[in-house]
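Asker: how would this look folded up:
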Amino acid sequence: MLIWGRLFAQIKAQVAPDGLPMFWIEGVEILAKAPTKKEIREAMRKQQEYHRLVYNIRKVYPYAIIASDIYKQIHEEIKCLDKKADKNAYFKKREKELFARWEEELKNLTVHQGRLLVLLIDRQLNQTTFDIIKELKSWRSAVFWNMVAKFFGSNLKEEYEPNGKHKDIEFIIKRDLEKS
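Answerer: Numbers count the residues shown, from 1 in each chain. Got it, this is the predicted structure:
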């Protein structure tokens, strides 16, 4: 009780302008350095980038799931066809259907959202978008679309690295989008 009495006696209380009590304890000095304006701006910029990434992933992730489901369905149906001409005809028919259904929605994606979509398709299928185009269409088509993607700062050959440079994306997906 004596220790508490001494400690309490050393505390001086005042009322702050907001009405909350402020206490000073003699002999205690807090040496925290206030962040500079540059550090505050940088922290705010990083926070905004993170929130933008969350928004973009939430927008694009459903498309990646749909794309992987459609790919798996097409892949299974093509397996049943024997002739290459039948496979090509089937794929061209499906391609027209898919363009008619999804082209307008996908055109409205930003460049960054397009990059995320490419990565998330790789995440879902464990196969790069370049390899998918090469398998379903042709090597030339895959090279052409990769050149177009590179023009916009993306790469269809880029692999998704959940424990490497894409760990933020993986964290957001596991935390917000995947139901365990």
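
Asker: and stretch 74-94, which residues are buried?
Answerer: Neighbour counts using 16 or more other CB atoms under 10 Å place I74, I78, K87, F91, R94 of stretch 74-94 among the buried residues. Any C-beta I mention is one placed from the backbone N, CA and C, and that applies to glycine too.

Asker: kindly check the end-to-end length of it for me.
Answerer: Using CA to CA, to the nearest Å, the end-to-end distance of stretch 74-94 comes out at 8 Å.

Asker: average pLDDT for that stretch?
Answerer: Averaged across stretch 74-94, pLDDT comes to 85.

Asker: kindly export stretch 166-180 (C-alpha atoms) in CSV.
Answerer: Only the C-alpha atoms of stretch 166-180 are listed here, as CSV (Å, rounded to 0.1, in the frame of the first residue of the first chain):
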residue,chain,number,x,y,z
HIS,A,166,2.3,-11.8,-54.8
LYS,A,167,1.9,-12.6,-51.1
ASP,A,168,-0.3,-9.5,-50.6
ILE,A,169,-2.7,-10.8,-53.2
GLU,A,170,-2.8,-14.2,-51.6
PHE,A,171,-3.3,-12.7,-48.2
ILE,A,172,-6.3,-10.6,-49.4
ILE,A,173,-7.9,-13.6,-51.2
LYS,A,174,-7.5,-16.0,-48.2
ARG,A,175,-8.7,-13.3,-45.8
ASP,A,176,-11.6,-11.9,-47.7
LEU,A,177,-12.7,-14.1,-50.6
GLU,A,178,-12.1,-17.8,-49.9
LYS,A,179,-14.6,-19.4,-47.7
SER,A,180,-12.9,-22.0,-45.5
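
Asker: E158 contacts I121, doesn't it?
Answerer: No. Between E158 and I121 there is no contact under CB atoms under 8 Å: 10.9 Å.

Asker: out of the two, which sits in the busier spot?
Answerer: More crowded of E158 and I121, by other CB atoms under 10 Å: I121, with 22 against 18.

Asker: contacts for the helix or strand that one falls within?
Answerer: Using DSSP states H and E, the element containing I121 is helix 111-125. With contact meaning CB atoms under 8 Å, 6 or more residues apart in numbering, helix 111-125 is reached by 56-57, 59-61, 63-65, 67-68, 71-72, 106, 109, 128-129, 132, 149, 152-156, 158-160, 162, 166, 169-170, 173.

Asker: which among those residues count as buried?
Answerer: Buried among the contacts of helix 111-125 (16+ other CB under 10 Å): 56-57, 60-61, 63-64, 67-68, 71, 106, 109, 128-129, 132, 149, 154-156, 158, 160, 166, 169-170, 173.

Asker: can you pull the pLDDT of M1?
Answerer: At M1, the model reports a pLDDT of 42.

Asker: actually T110, sorry about that
Answerer: T110 is assigned a predicted lDDT (pLDDT) of 92.
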